[in-house]
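Q: Please find the sequence and the predicted model below.
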Amino acid sequence: MLRRLHIRDFVLVNALELDLGAGFTVLTGETGAGKSILIDALKLALGERGDASVLRPGSMRAEISAEFDVPLALADWVDEQGFEVQDTILLRRVIDAQGRSRGFINGSPATLTQLRAAGAMLVDIHGQHAWQSLARSDAARDLLDAYAQAKDARQACASAWHHWKLLSERLHAARVNAGRLVEEREQLSAQIAELARLAPLAQEWEPLNAEHHRLAHAAELIEQLQAVDQLLDDEEAGANRQLARAHQLLQAAAQIDPQLVALADQLESAQSITRDLAHELGAKLRQADVDPDRMAEVDARLSAWMGVARRHRVSPSELPALWQGLQSRWAELELGADLPALEKQVQAAQEALGTAAARLSALRAAAAPALTQGVQALMQQLGMKGGRFDVALQPLGDIQVSGAEGVELLVAGHPGAALRPLARVASGGELSRIALAVAATTAAQQPVGTLIFDEVDAGIGGSVAHTVGRLLASLGQSGQVLAVTHLAQVAACAASHLQVSKCSASTGTQSQIELLGPEQRVAEIARMLGGDAESPVAQAHARELLHSSRVGRGDTVQVQV
């Protein structure tokens, strides 16, 4: 249920804080007063797209916040999405003068997709042109599926269809390309065989290059090591001998000047380092050797790498990845070449699709008569005595992603008339009443806590208008119903009455909303009846209408579910 709506700098609204309760609440006002502003603002909080045109003139940003009670299913969703779980949920939307938009859920940033997902579990809005969407087959099918609570079955059917479609396309491609695939397999076989003989390892190329370079310069390396060894370890002029002599002299000097002890120690460390270095060089010299056999082996391996790389037009370092890629492609072709296996997979997927579609069809077939009966019963109460309604299931030639049948809404507005598609019903009043009957029937099945009807009573008047009011009041007994209306008979049936009006201010024209008390409500109903709001006759008529609506509230319109 919508508890509170806060609007700031939106269209004609400067600032508005509105507290709402359960039951049936009506919004009325003169034409152009801005009765639908609340609905438009709420739609933005629920994730509808908006731009800078919604800002009140002269303002820097528009802000809308809507606070709702949290149903159990939404609490789980809020937690899954990473938002803070509270007793209520606050949806907030901010749009600035540059058209930039930001959304928030319980104070944390949220995307429009997340706002829409939350809104779908909180509010159901029926507009005055709802019948136009119902004339489309896809909208009628969505309506029936929602009424049948067939969401899971429809998703299962769609998933099965996509799986079957993927396998069917794979089988078709395998059949069409059978000859080409044979040629490709033969080519791959030769390429893989060549690479298998080489068997290039992922970490082999760089070490192989380094070893080849070292073997190719083995003689030069030995000569350089011998020269370094002599410079370090020559008995007469080697560095080690010179450092030893220098150390002896510095030690003698330290006997005279003790401050030279530290320098003597450093020289001794240098002497130790050069001795270790000479030892290691000696070990390297003993290991160093010109190995023609190993050189030939490494040279052959290197040449093989480079030859294969040239033939495949890649660098030698890319050969291991190429080998792996060719093997993966070979595995794909092997699968594609196994036509019998693919045919079995397609057959199994088709059977699974048939099972999923049959389950969805069964739910639709069970729900269609119930929806038909509910809407048709309300038509009788909405001034269409003898009118008929039918939810027609039309089998498709093949199972589609949405199931095995299409859905069309058929209507006969009066006795003796033939059922025709909803789009071909000429009367605007009939269309409005049918859309209202459909909305009321399906609304009783919706899990949302707030139902909003935005001038769905257009084209209706007289006693039918009073029936519409009692219908909305009946829906309000089990939840929260908000309705924007221009009909006094509908407004008189509401438990709460909000009046929207315009006023002039220093910053320009503004819309304001006021909760009407008993006497204020009499004046507003009198105005809506088309008379002088202050006329005793008009006010008497308004009081009578309010009294009859209160008396008749116990005799509510029955909604079939």
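A: Looks like it arrived, so ask away.

Q: Okay, now the unreliable bits of the stretch 1-150 of the chain?
A: The model of the stretch 1-150 of the chain has pLDDT under 70 over residues 128-133.

Q: all strands of it, in order?
A: Ranges of strands within the stretch 1-150 of the chain are 2-10, 13-19, 23-28, 61-69, 88-96, 101-105, 108-110, 123-127, based on DSSP state E, counting those that start in this stretch.

Q: Packed most tightly, which of these would that be?
A: Comparing those by mean neighbour count (mean count of other Cβ atoms under 10 Å), strand 23-28 comes out on top with a mean of 24. In short, each C-beta sits where N, CA and C put it, glycine included.

Q: helices or strands next to that strand in the packing?
A: helix 462-476, strand 480-484, helix 488-491, strand 496-505 (3 or more Cβ pairs under 8 Å, 6 or more residues apart in numbering; DSSP states H and E).

Q: ok, which stretches of the stretch 201-350 of the chain are helices?
A: Assigned by DSSP state H, counting those that start in this stretch, the helices in the stretch 201-350 of the chain fall at 205-216, 218-233, 239-256, 261-287, 292-312, 319-337, 339-381.

Q: for the longest one, packing partners?
A: Read it as helix 339-381. Helix 339-381 packs on helix 137-147, helix 151-176, helix 319-337, strand 388-400, strand 403-412, helix 428-443, helix 462-476, going by 3+ Cβ pairs under 8 Å, 6+ apart.

Q: so Arg175 makes contact with Leu339?
A: Yes - assessed by Cβ atoms under 8 Å, Arg175 is found in contact with Leu339 at 6.9 Å.

Q: Mind putting the helices and strands packed on strand 23-28 into TSV with mean neighbour count, mean pLDDT and distance to Ala22?
A: Formatted as TSV, these follow (neighbours: other Cβ atoms under 10 Å; pLDDT from 0 to 100; distance: least, Cβ to Cβ, whole Å):
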stretch	mean neighbour count	mean pLDDT	distance to Ala22
helix 462-476	22	84	8
strand 480-484	25	90	5
helix 488-491	26	91	18
strand 496-505	16	84	10
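
Q: From Arg49, how far out is the spatially most central residue of the chain?
A: Central residue check for the chain by Cα atoms, centre = their mean: the C-alpha nearest the mean position is that of Thr113, 5.7 Å away. Going from Thr113 to Arg49 by Cβ to Cβ, to the nearest Å gives 12 Å.

Q: For the strands of the stretch 1-150 of the chain, give me JSON lines that also has distance to Leu208.
A: What follows is those, written out as JSON lines (distance: least, Cβ to Cβ, whole Å):
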{"stretch": "strand 2-10", "distance to Leu208": "72"}
{"stretch": "strand 13-19", "distance to Leu208": "77"}
{"stretch": "strand 23-28", "distance to Leu208": "82"}
{"stretch": "strand 61-69", "distance to Leu208": "66"}
{"stretch": "strand 88-96", "distance to Leu208": "63"}
{"stretch": "strand 101-105", "distance to Leu208": "58"}
{"stretch": "strand 108-110", "distance to Leu208": "54"}
{"stretch": "strand 123-127", "distance to Leu208": "69"}
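
Q: right, so of these, which gets closest to Leu267?
A: Leu267 sits nearest to strand 108-110 of all these, at 68.7 Å, using Cβ to Cβ.

Q: In the sheet, which strands lie alongside the closest one, parallel or antiparallel?
A: Paired strands of strand 108-110, with direction, are strand 101-105 (antiparallel) (DSSP bridges).

Q: what's in contact with the strand it pairs with?
A: Applying Cβ atoms under 8 Å, 6 or more residues apart in numbering, the contact partners of strand 101-105 are 47, 50, 78, 81, 83, 89-95, 109-112, 114-115, 118.

Q: The residue nearest to the centre of the chain contacts Glu48, doesn't it?
A: No - counting by Cβ under 8 Å, Glu48 is not a contact partner of Thr113; they are 12.0 Å apart.

Q: Domain map for the chain?
A: The chain breaks down by automatic domain parsing into domains covering 2-122+448-554, 182-336.

Q: Quick check: which of those has the most neighbours on average?
A: When the domains of the chain are compared using mean count of other Cβ under 10 Å, domain 2-122+448-554 is most buried, at a mean of 18.

Q: and His6, how far is that from Ala41?
A: To Ala41, His6 is 9 Å away according to Cβ to Cβ.

Q: Check Ala488 too.
A: Using Cβ to Cβ, one gets 25 Å for the distance from Ala488 to Ala41.
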